[in-house]
Every structure is written in structure tokens, then in C-alpha cells.
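Novice: coordinates only, no sequence provided:
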């Protein structure tokens, strides 16, 4: 069975949904091993093992956490060489793409980003041109480095029982090359809401919220959804840039996307059209967003959203 | 304005000519290549050009010996991306153009760009946008840093070189939050659309651009074999492409006071709540 590596950016006691998706996909393709991009204690190893990892690769003496990208690239390169992996799965984040990009140069390998599926022949399915086409692509040389979009893999119902402690292979990295230093990190303010990139439900507001994200946040909280925003709304300073959905923000592919006050120009549609179900609320009956919505509501979001939020809370009791 | 400007900088900014995202974009059949008619300078590259010009100006600009060069790789029409960069204020342009380049993936593209950068004598700062608006992979900046053997400062929303120093500092939007990052020159930097407000070319800039020099480079001039680039030199291959089936418009209702309830009914019917 071929070896498949999964790059785990920040191992923690409980693997994130994204990490579990990566490991579940890897286990489907072969023997899954996790490459530890940060310190992992026994609980983290056990969490990853129960999500499908049957082996681990770590930097001997720990990975230099203040070096930007380059140390992780050296670790991944060493892990591929040690394991003879045929494929490496990484998260489709800024970090995941960049680590894959540089490792590919060192390994003379190919990278495919934005994957939503990978089959047994390592053929990758991915959306391109903002979701207007679906492409199948393959890596033709070296191990296949693939970055996987969140919400792409169906997770097994029951988590596998935590197996016997899998071995941790410690790899000597040597000189990891010139790297920028990370001198400080200001963590994203905790909102108590799901991570936008991984959320099953997203409620997003645009120009039509006219400065007040209150109704959007209210409905999001009633649903347990993440809050998103169009570029117009983040550019106006109504909400933090980290909420931006689409080309220059976070790409999402949730089960449910509720768009409020977003007209649906081509770039905005791009941000939402990989969602399974779309509900649009807009005052303008001619808004293009209604062309792609499964349910369109012509109305004032300041009325419709709070009413929906109250109704959801009422039904949930 | 006189200031301690330090050593003058040679800055290279990479630009790409891409189909306008305001219109529907198409893949050609056969070949699954992007239809590149109606192309413009990638919007995200304007932030890189602005960052390059601002960096030069912070150290006294052209007069103090700083240079900003704009480079692109692509077919004939890609020269327009360089032209716009010159109109905005870049001093010179480089256009890498060769029929054998068509179909290059990120790895092959970064090889060509890195080869050209080394041949041109290296730069203190290589600047790019956060992604191209066509392929949107964001792979090339990191691969260039790897091939050039320099530190990467990617996805920066703020960028600065303190007067008189050779240390680049910035703010980076990463998975874990906003990171303060720094590196010594030479570096590769990519900037986000939060980094600045790109300037518009003014009339004087448009006139001045006509006199600026654009160097054209072919594969042979770069000493690269045809098999090392294009589809042949790429480590990835597109097997097939299908347009996404258009989403059918669903039901549209007009709120008459109960649409919030209808929304929740819809969610319940779809088993989403």
C-alpha cells in the first residue's frame, strides 16, 4: 500500500475538522502518516491516530517556530524522502499552499491546489475560474502535492478507536535556508463562531447591510454559522477583513450559504457558488444573486434576518 | 525632502496579464487553456506595483538611484501589463515571451522567472501580488523564493524598510493570526489588497511611459530548453475540464412580513435545521 503523508499545521488534542478530512482522505488512498508542523503531546498524537494517522514524522529537536515557512518545507521534504510517499495532502491555506509550493521545487514534483476530491489514481478534482469550471488534473512527476479545500471529504460516522501508539520518526533537518523571522503573532480575536473556511453554514453580509452587521451576526448565531462579508463590506470597514469571502479573502464551500444584501456581481457569485444550498435576501428584485439562489427573498434584511433568527430559536426551544 | 535613504534598492515587480474578472471567463477546447482575449493587468498586481513605487520613494526614488522594474511572462498582449506598470511609475520593463512557454504550470513559470531574475543580475526586493486572478494558486511567489534562495515575506498587509536599514518588516495575514515578520535583504515579498491604495496613471505618467525601455527575452536568450518549460516542462497536467452546470434559480418570494418564517421553513424542509 502506498504511503500518503498529511501535513498537520498545528497538532492539538482534538484534530480540527479540516485535519480529520485530510487524514480520512489519506487513509482512503493508502497508509496515512502525519507530518507534525508543531509540537505534539501524547493527546495530540492519540487524536491524530484516531483520525487515521498510522505513523508520524517530526523534526528532531522540534521545528523552529519563528522561521516563516522554510523550516516546515525542510521537514516535509525530509518526510517525503524518508517515507517514499506517493502523495502529500495539505490544507488549502496560505501556509499549506506555500509549504507545498517550495517542497515541490526541492522534490521536482507537481502541486495541485484547491482540491475537492482525489481518487485512487491520484486524479484531483478542483474548481477553477472561481468555480465556473471543474477540472480533473494529475501530477506527472514526483510525489503529488495536493492542497485540499475544507468541507470536501465526508467524515466517517464513528471515529476509529484510538489504536496502539504509532511510531514518531524524528528527522534531522540541518540548515533550513534563509527565512523571515516571525517576531510576534496577534491571534485572530475569538468570536466563538465556527472558523469561516471550515464552517458548514455561512451567513454573509454585503453593501446592503449598510454598516450594521447585527442582523447577520444574529442569524449566524441562531444557526451556529460563521459570519462572512463581501469585499464592499470589509472595504467599508464595517467588519474585519478576516470575514471576507471570495477571491481576496477566504474561499468557502459550505452546505448552506445565506447571502444578505449582496447583489451577486460575478466576483461575489464566485465566492458562493460552490455552496450546496444558497439563500439570498436582497431588496432589489433584479439582483443577479437571485439567478443562483435556491431560495430568493426580495425584502429588507433588517426585517427578514431577525425574524428568521427568532423563529429558529423558537423551534429549537 | 532629504532623508537618510541608505543604499539604493533595485526592486523588481512581477505582473500578469489576465482575463478581466468582471466578465465570464472560458477555457478553450481542446487543450483546456484559458481564453486570454479581453485581458487586463491583474488587479492584485496593482498593489505590488504600488508597494514597489512606495518603497523606492521612501528611499528617495529614482533620483537617489532606486530602480523599479516591471517584469511579465506571457504572449504578445502581455506587454500591456508591463505598459500599465510603466504608466504607474516603474522605470523599465522586461517581457519574457516565447511560444514554447504556453501551458507552463506554476513550477515551470517560477523556473523561467527565476532564471530571468538571475540573468538580470538579481534584485534586492522581488515584489508580487498575493495571487493571480486567473489561476489563483498563489504558488509562484513561494516557488520563486525557493529557487532564488531568499527569504519569503508573503501575504503582507503592511511593508516597510526603515530608512538607512536593510531589514524588511511587515504584517502578514496567516492562518494563526496577524504575524509581525522581518527579514534581511534580499527578499521576495507578496502583498495583499490590504497593503495600500494603488495610484492611477496620470497624464504625465502615460506620456513618460512611451519613452521607457522594455526588454524582450526569449527562451534561447535565457538559456532554457523548450522541454524544461510549457506543458512539457510542467509537473502537472489537466486531463479534462467541464463547465459547472449552471445553478438553476430556485423559488423567489417577496417579503410581506412573513419571509423570515418562510426562510426557516425552507431550512427545515432541506433538513438543514
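Specialist: Structure received. Predicted model only: the values in this text are computed from it and were never measured.
Novice: look at the closest residue to chain B within the stretch 151-300 of chain A and say how many residues are nearby.
Specialist: Sorted by distance to chain B under Cβ to the nearest Cβ, the residues of the stretch 151-300 of chain A start with residue A:299, at 2.8 Å. For every residue, glycine as well, the C-beta is placed using N, CA and C. When neighbours are counted by other Cβ atoms under 10 Å in any protein chain shown, residue A:299 registers 23.
Novice: correct me, but it touches residue B:262?
Specialist: No - taking contacts as Cβ atoms under 8 Å, residue A:299 lies outside contact range of residue B:262: 9.9 Å.
Novice: count of neighbours near the residue lying closest to residue B:165 once chain neighbours are set aside?
Specialist: Nearest non-adjacent residue to residue B:165, counting by Cβ to Cβ, 6 or more residues apart in numbering or on different chains: residue B:6, 6.5 Å away. Number of residues near residue B:6 (other Cβ under 10 Å) recorded here: 16.
Novice: can you map out the strands along the stretch 101-250 of chain B?
Specialist: With DSSP state E, counting those that start in this stretch as the criterion, the stretch 101-250 of chain B has strands at B:125-129, B:151-161, B:167-174, B:177-184, B:187-191, B:214-217, B:236-243.
Novice: mind listing the helices for the chain?
Specialist: You didn't pick a chain, so chain A it is. Assigned by DSSP state H, the helices in chain A fall at A:17-29, A:42-50, A:70-83, A:94-107, A:214-223, A:231-235, A:266-272, A:301-316.
Novice: try chain B instead
Specialist: B:43-58, B:79-88, B:106-119, B:140-148, B:203-209, B:219-222, B:230-233, B:259-269.
Novice: how about those helices, which one is nearest residue A:255?
Specialist: Nearest to residue A:255, of all the helices of chain B, is helix B:259-269, at 10.7 Å by Cβ to Cβ.
Novice: what sits up against stretch A:98-106?
Specialist: Under the contact criterion Cβ atoms under 8 Å, 6 or more residues apart in numbering or on different chains, stretch A:98-106 has outside partners A:7, A:37, A:69-70, A:72-73, A:76-77, A:80, A:88, A:90, A:109-111, A:113, A:142, A:145-147, B:106-107, B:110, B:138-143, B:145-147, B:152, B:154, B:235.
Novice: buried ones in that stretch?
Specialist: Within stretch A:98-106, the residues that qualify as buried are A:98-106, counting by 16 or more other Cβ atoms under 10 Å in any protein chain shown.
Novice: that older thread, for the helices of chain A, which has the smallest mean pLDDT value?
Specialist: Note on the helices of chain A: helix A:266-272 shows the lowest mean pLDDT, a mean of 72.
Novice: the residue of the stretch 101-250 of chain A found nearest chain B bridge partners, please.
Specialist: Scanning the stretch 101-250 of chain A for the residue nearest chain B gives residue A:110, at 3.1 Å (criterion: Cβ to the nearest Cβ). Here residue A:110 sits in beta bridges with residue A:144, as judged by DSSP bridges.
Novice: quick one: residues contacting it.
Specialist: Counted by Cβ under 8 Å, 6+ apart, residue A:110 has contacts A:104, A:139-142, A:144-145, B:105, B:107, B:234-236.
Novice: cutoff 6 Å now
Specialist: Residues in contact with residue A:110 (Cβ atoms under 6 Å, 6 or more residues apart in numbering or on different chains) are A:139, A:141, B:235-236.
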